[in-house]
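Peer 1: Task: produce atomic coordinates for the following.
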Amino acid sequence: MKEPWEIGTVYVTFTSDDEAKKIAKIVITEQLAACANIVKGMDSLYLWKDVLEESTEVVCLFKTTRGKSELLMQRIKELHSYEIPCIVLLPIVSGNSDYLDWVRNSL
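Peer 2: Predicted coordinates for the structure are as follows:
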């Protein structure tokens, strides 16, 4: 069955702006992502090894194609500093067709 989407956003959290930028530059250069949007200053609360943690993280949204999404997520995992990084794929089911064409053609 064909998936109803071709373009997706890979949502990733990072410990710092520097790490997000470094990894974004690598995966864009490797043509695994068309672009990355970095959002600084997200407060995160989570249980880690039975301890309630609170930290400030950076969110990065990578735009990619379905065909490159698994490679992108694997590459980010290889480069990421976290033991278990948050890396999730959010399918884009609709949007500005000119933008979606740009993403597709960039890869």
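
Peer 1: where does residue 83 fall, phi/psi-wise?
Peer 2: Per-residue torsions, residue 83: phi -60, psi -40 (degrees, to the nearest 10).

Peer 1: Could you do residue 97 as well?
Peer 2: The phi/psi pair for residue 97 (degrees, to the nearest 10) is phi -60, psi -30.

Peer 1: where does it sit relative to residue 105, distance-wise?
Peer 2: Relative to residue 105, residue 97 is positioned 12 Å away (C-beta to C-beta, to the nearest Å). Every residue, glycine included, has its C-beta placed from N, CA and C.

Peer 1: Low-confidence stretches in this protein?
Peer 2: By pLDDT under 70, the low-scoring segments of the chain are 1-4.

Peer 1: Let's see that with 90 instead.
Peer 2: The chain contains residues with pLDDT under 90 at 1-5.

Peer 1: Show me the helices in it, by range?
Peer 2: Counting by DSSP state H, the chain has helices at residues 17-29, 66-79, 97-106.

Peer 1: and residue 37, which of those is closest to it?
Peer 2: helix 17-29 (9.0 Å; C-beta to C-beta).

Peer 1: got the contact list for that closest one?
Peer 2: 12, 14, 33-36, 38, 40, 58, 60, 62, 72, 75-76, 79-81 (C-beta atoms under 8 Å, 6 or more residues apart in numbering).

Peer 1: quick one: contacts for residue 42?
Peer 2: When contacts are counted by C-beta under 8 Å, 6+ apart, residue 42 is found next to 13, 56, 57, 58, 59.

Peer 1: Columns neighbour count and distance to residue 47 on top of those, output as a markdown table?
Peer 2: Shown next, in a markdown table, are the contacts of residue 42 (neighbours: other C-beta atoms under 10 Å; distance: C-beta to C-beta, whole Å):
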| residue | neighbour count | distance to residue 47 |
| --- | --- | --- |
| 13 | 20 | 15 |
| 56 | 11 | 17 |
| 57 | 20 | 15 |
| 58 | 19 | 21 |
| 59 | 17 | 20 |
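
Peer 1: For residue 6, state which of those residues is nearest.
Peer 2: Nearest to residue 6 among these, with distances taken as C-beta to C-beta, is residue 59, at 23.2 Å.
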